[in-house]
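Peer 1: turn this into a structure:
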Amino acid sequence: MQSPPAPVRRPHDTRPAPLRRADIPAPARSRRPTGTGSVLGAILDHGPVARSTVARLTGLSPASVSGHVGRLLARGLVRESAETAGPKGLGRPHIPVEIDTGRHLVAGAHIAVAHSTVSLMDLRGRVVAEERRPHTTTDPHRLLGQLASRLGPLTAAHADGRALLALGLATGNRVDPDGGVIVAHPQLGWHDVPARDLLAEATGLPVRVDSHSRALARAEQLFGQEATRASTVLLFVGAVVDAAFATGGALHRGPRSGAGSVAHLPLGAGGPAGAEPCSCRRAGCLQSEVSEAAMVRRAAAQGLMTGSFPRLLERALAGDARAVALFRRRARLVGRAAALLLDMFDPEVLVVVEPGVGRMPECLAELRAEVAERSWVCDDPGRAVMPSSFTGSVLAVAGGAVALDALYADPLGPWPALPSVS
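Peer 2: Below you'll find the model as predicted:
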């Protein structure tokens, strides 16, 4: 049976063509930890921890836990710590196990609109080293090649003999983790960039790719706030504005890798006075009001000629009244979006990745007050709305978290730097 013909579009029709069922890919499978991954996760959360406690935490049998721990020991992912005796020295001594941070690292890379960050992280999610450089090109092949070339010197200077297991890449907008493809990054002009394959060829490492919002949501679950484990929405506000939603340990991506595309949420009828037009051709959407570029434009309109977002942030942190007012305004507008997301998803926690909220208590207070006024379901913004656990290092964490997420889900997978397990 032949497929129906593709819909005909008029020459100047800018609306997207209607999707046919055959155009919609099957939804990706949620990746859940293997048995060994569950054991490794329990050791991450509670280590140093006895094997018997791991069995209780995971619901696995003691014999099964011992087998999983043996494989993790053989691969150098965990280590045994000092023996501890039972109460008052009675009973068999216990040999706790903990994450081994002395043998392996992961590399991370984050591509922002104006610059890129390369980092090294240990297996507990701690940043060992990071390096940020402005872009000299937006050509994807050249930019990714430059990222790969920076990894060797950074590793030589900071790895201290530890082997790299994998490279994780994070960026904004639409990313397909299964295909390893940056589907669309409008600010860079990128479409369908095979980032995973390009970086794997250039570095020789296993490469994982994901959006920075999903990566940071997973970093919170692995290494950050325990309250994010049940369900969380993460709202990323930077040069790119997007979000991620996780529940039951799984991150929702959508069949077209478009989940979390909140940049064009309307903030009100026509937006606040003086709103800049957005690429969506509507004034007052989220990105047109709170992105870094919008902040710099608004500062300049008020005579605050900083020239860049980092300098504007520096002025605010130094107490400049006009800069502080701009960040407080940004926090209120982000609070509008946060209230919408809280009402839409009703998560346990909403995490806001935004430097003013993370570093300036008055901005966090403004955001929570806006949520309290506008949300119908959030009855305690002081508990439910939180700044990022990684303020000051979110870009360095994002890339590494992509690699660590894959490692903790399947620690016995094909990681070339690890010894094989029979």
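Peer 1: need the contact partners of stretch 383-393.
Peer 2: The contact list for stretch 383-393 (Cβ atoms under 8 Å, 6 or more residues apart in numbering) reads 127, 130, 216, 219-220, 223-225, 227, 338, 342, 347-355, 357-359, 364, 367-368, 371, 378, 394, 397. Glycine gets a C-beta too; all of them are placed from N, C-alpha and C.
Peer 1: mind doing that once more with 7 Å?
Peer 2: Contacting residues not belonging to stretch 383-393 are listed as 127, 216, 219-220, 224-225, 338, 342, 349-353, 355, 357-359, 364, 367-368, 371, 378, 394, 397 [Cβ atoms under 7 Å, 6 or more residues apart in numbering].
Peer 1: please apply the same query to stretch 359-374.
Peer 2: So stretch 359-374 is contacted by 316-317, 327-328, 331-332, 334-336, 338-339, 342, 352, 356-357, 378, 381-382, 385, 387, 391 (Cβ under 7 Å, 6+ apart).
Peer 1: one more time with 8 Å
Peer 2: 316-317, 324, 327-328, 330-332, 334-336, 338-340, 342, 352, 354, 356-358, 378, 381-382, 384-385, 387, 391-392.
Peer 1: take the residues you listed and keep only those in strands.
Peer 2: 352, 385, 387 (DSSP state E).
Peer 1: let me know the closest of these to residue 46.
Peer 2: residue 387 (25.2 Å; Cβ to Cβ).
Peer 1: for beta bridges, what are the partners of that closest one?
Peer 2: For residue 387, the beta-bridge partners are residue 352 (DSSP bridges).
Peer 1: okay, now it: neighbour count?
Peer 2: Using other Cβ atoms under 10 Å, residue 387 has 21 other residues around it.
Peer 1: the one 5 residues further on too?
Peer 2: Other residues within reach of residue 392, judged by other Cβ under 10 Å, total 12.
Peer 1: torsion angles phi and psi at it?
Peer 2: phi 100, psi -20 (degrees, to the nearest 10).
Peer 1: go on, the one 10 residues further on?
Peer 2: For residue 402, the backbone dihedrals are phi -60, psi -40 (criterion: degrees, to the nearest 10).
Peer 1: so it makes contact with residue 175?
Peer 2: No - here residue 402 lies out of contact with residue 175, judged by Cβ atoms under 8 Å, at a distance of 9.5 Å.
Peer 1: shared neighbours, those two?
Peer 2: Shared contacts of residue 402 and residue 175, counting by Cβ under 8 Å, 6+ apart, come down to 209-210.
Peer 1: ok, the two, which is more surrounded?
Peer 2: residue 402 (31 against 27).
Peer 1: out of everything not next to it in sequence, what's closest to residue 112?
Peer 2: In this structure, residue 112 finds its nearest non-sequential neighbour in residue 239, 5.7 Å apart by Cβ to Cβ, 6 or more residues apart in numbering.
Peer 1: contacts only, for the one you found.
Peer 2: Residue 239 neighbours (Cβ under 8 Å, 6+ apart): 112-114, 172, 187, 291-293, 309.
Peer 1: switch to 6 Å and redo it
Peer 2: Applying Cβ atoms under 6 Å, 6 or more residues apart in numbering, we find residue 239 in contact with 112-113, 292.
Peer 1: tell me which of those is nearest to residue 154?
Peer 2: Nearest to residue 154 among these, with distances taken as Cβ to Cβ, is residue 112, at 17.5 Å.
Peer 1: after the lowest-mean-pLDDT helix or strand in the chain, heading C-terminal, what element do we hit next?
Peer 2: In the chain, the helix or strand scored least confidently by mean pLDDT, DSSP states H and E is strand 250-251, which has a mean of 90. The helix or strand immediately downstream of strand 250-251 is helix 286-290, counting by DSSP states H and E.
Peer 1: and that next one, C-alpha only, in CSV?
Peer 2: Extracted C-alpha coordinates of helix 286-290, given in CSV (Å, rounded to 0.1, in the frame of the first residue of the first chain):
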residue,chain,number,x,y,z
LEU,A,286,9.6,34.2,28.0
GLN,A,287,12.8,34.2,25.9
SER,A,288,12.3,37.8,24.6
GLU,A,289,12.0,39.0,28.2
VAL,A,290,14.5,37.0,30.3
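Peer 1: got the contact list for the next helix-or-strand element following it?
Peer 2: Remark: after helix 286-290, the chain's next helix or strand is helix 292-301, criterion DSSP H and E. Residues outside helix 292-301 that contact it (Cβ under 6 Å, 6+ apart): 238-239, 276, 288, 306, 309, 312, 326.
Peer 1: which of these fall in helices?
Peer 2: Secondary structure assignment by DSSP state H places 288, 309, 312, 326 of those in helices.
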